[in-house]
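J.: Generate a structure from the sequence data that follows.
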Amino acid sequence: MTETMSVGVVIPSYKVTAHILDVISRIGPEVQKIYVVDDCCPDRSGDLVERSCADARVTVVRHEHNQGVGGAVMTGYRAAIRDDVDVIVKIDGDGQMDPALVPEFVAPILTGHADYTKGNRFFNLEGLSSMPGMRLFGNAVLSFMTKISSGYWSLFDPTNGYTAIHRDVAALLPMERISRRYFFETDMLFRLNILKATVLDVPMAAQYGDEVSNLKIGKVAPEFLRKHLVNFCKRLFYSYYLRDMSLASLELPLGILLVLGGTIIGGIHWLHSLHAGVYASAGTVMLAGLPIILGTQFILAFLSYDILSEPGKRTGLPLWRVLDAYGVNARRKVSDV
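T.: Alright, predicted model coming up:
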């Protein structure tokens, strides 16, 4: 089956005229289709590609209005699904991502081990010296937040945009609801978890040239924090109360209530003791401490269950294999999450 699968590459194009032709020229023969999505680029990168690129695999798709990297990728996904492309790879057009790695991103999907693969620049610690210090710190923080909100605890480097996805899984994504801007890669992981898709990291080297990043950490940090919190709450509701219930569904709320209750009781008695100038009794301390200890244990038990429940860890079977077994066509789309 893997021998007959086709591969397509989606390249969001916005202010990348200095690099995009070189990126296209380095895409190997294992790729049958290339979709350049001109995201209302002020440099008219779509025109440049049509004028200067003779590669018959290339199709230029244009946006009348800028939709951000997420919108461009979703447009590319739709075009690839219409053309019956089996595995869709996303590469940036700024030259940071080596097209020679496409087979490594596609292989886990073709062999039935994953639904979605993404790059991980942190796998080889020796190569991290080339990454700017602020990016290194920012990615570490974002990775921890993403683990909590998405439920993919074994993944790292969430903002890495080098990805590949099976078309049957891409067709199930609520494309109109996925974040359009810088939160796109992280929001994709949240949506994939809701679908119970198997996601794997692919080691890759960090490359930095003369490209200019449009991401301003100070401006997006509050937005990222808010969206991570929203996605975390949604994931909890969908996974532990709407679709399924388990002991973990009780452990988290009970643990939070016990910790809050113990903290409030302890705080009240501490203020009273401070005002009265007397030490609290052992019974009073236990009245506050015991709920906090028990609540912490409940929360840790929930986290342990959540980590072990990461999609693909228990069954080892990717979603696209399940869909294929039941004859679900990629063009058939479930209702949006």
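J.: contacts, neighbours, all on C-alpha from now
T.: Noted.
J.: And the helices in the chain, which stretches?
T.: 20-25, 45-52, 68-82, 102-110, 133-150, 167-170, 184-194, 217-237, 247-276, 282-308, 319-325 (DSSP state H).
J.: Need the winner for burial among those.
T.: helix 167-170 (a mean of 25; mean count of other CA atoms under 10 Å).
J.: tell me the mean pLDDT for that helix?
T.: The average pLDDT within helix 167-170 is 94.
J.: Tell me which residues are up against that helix.
T.: Residues from elsewhere that reach helix 167-170, judged by CA atoms under 8 Å, 6 or more residues apart in numbering: 77, 80-81, 85-88, 115, 197, 319-320, 323, 329-331.
J.: out of those residues, who's nearest F183?
T.: Using CA to CA, Y77 is the member of the contacts of helix 167-170 that lies nearest F183, at 17.7 Å.
J.: sorry, back to before: nearest to R121, out of the helices of the chain?
T.: That would be, of the helices of the chain and by CA to CA, helix 133-150, which comes in at 9.9 Å.
J.: sorry, back to before: now render the helices of the chain as a markdown table, adding distance to R121.
T.: Below are those laid out as a markdown table (distance: least, CA to CA, whole Å):
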| stretch | distance to R121 |
| --- | --- |
| helix 20-25 | 19 |
| helix 45-52 | 28 |
| helix 68-82 | 20 |
| helix 102-110 | 13 |
| helix 133-150 | 10 |
| helix 167-170 | 24 |
| helix 184-194 | 15 |
| helix 217-237 | 19 |
| helix 247-276 | 33 |
| helix 282-308 | 22 |
| helix 319-325 | 26 |
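J.: got a pLDDT number for I81?
T.: The model reports I81 with a pLDDT of 96.
J.: Sorry, slip of the keys, the one I care about is P103.
T.: pLDDT, P103: 96.
J.: same thing with S213?
T.: 52.
J.: any weak-confidence spans in this protein?
T.: The model of the chain has pLDDT under 70 over residues 1-3, 125-135, 206-220, 314-316, 325-337.
J.: most centrally placed residue in it?
T.: L189 (3.0 Å; CA atoms, centre = their mean).
J.: Next, work out how far apart it and S179 are.
T.: The gap separating L189 from S179 is 11 Å, by CA to CA, to the nearest Å.
J.: ok, now A248?
T.: 29 Å.
J.: again, but for I148
T.: Distance of I148 to S179, computed by CA to CA: 18 Å.
J.: got the CA coordinates for stretch 118-125 in CSV?
T.: Presented in CSV, the C-alpha positions along stretch 118-125 are these (Å, rounded to 0.1, in the frame of the first residue of the first chain):
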residue,chain,number,x,y,z
LYS,A,118,6.5,17.4,13.1
GLY,A,119,10.1,18.6,13.3
ASN,A,120,12.0,18.7,16.6
ARG,A,121,15.1,20.9,16.6
PHE,A,122,15.9,19.9,20.2
PHE,A,123,16.5,16.2,19.7
ASN,A,124,20.2,16.6,19.1
LEU,A,125,21.5,18.7,21.9
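J.: List the buried residues for that stretch?
T.: K118, G119, N120, R121, F122, F123 (16 or more other CA atoms under 10 Å).
J.: The fifth one is in contact with F156, isn't it?
T.: Read that as F122. Yes - F122 lies in contact with F156 (CA atoms under 8 Å); the separation is 7.4 Å.
J.: Not counting sequence-adjacent ones, nearest residue to V49?
T.: L21 (6.8 Å; CA to CA, 6 or more residues apart in numbering).
J.: didn't that neighbour look like it was pressed against E50?
T.: No - with contact defined as CA under 8 Å, L21 does not reach E50; the gap is 10.3 Å.
J.: wait, what's in contact with the residue nearest to V49?
T.: V49, S52, C53.
J.: Also S45?
T.: So S45 contacts S13, Y14, K15, V16, T17, D38 (CA under 8 Å, 6+ apart).
J.: Same question for D86.
T.: D86 makes contact with M5, S6, V7, G8, H166, R167, D168 under the criterion CA under 8 Å, 6+ apart.
J.: Mind giving me the PyMOL select for those, buried ones only?
T.: Command for PyMOL that selects the buried part of the contacts of D86, burial taken from 16+ other CA under 10 Å:
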select buried, resi 6+7+8+166+167+168
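J.: could the contacts of D86 go into JSON lines alongside distance to C233?
T.: Converted to JSON lines, these look like this (distance: CA to CA, whole Å):
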{"residue": "M5", "distance to C233": "37"}
{"residue": "S6", "distance to C233": "37"}
{"residue": "V7", "distance to C233": "35"}
{"residue": "G8", "distance to C233": "34"}
{"residue": "H166", "distance to C233": "27"}
{"residue": "R167", "distance to C233": "28"}
{"residue": "D168", "distance to C233": "27"}
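J.: between the contacts of D86, which is nearest L303?
T.: Nearest to L303, judged by CA to CA, of these is H166 at 29.3 Å.
J.: Could you tell me how far the closest one is located from I88?
T.: Counting by CA to CA - H166 and I88 are separated by 6 Å.
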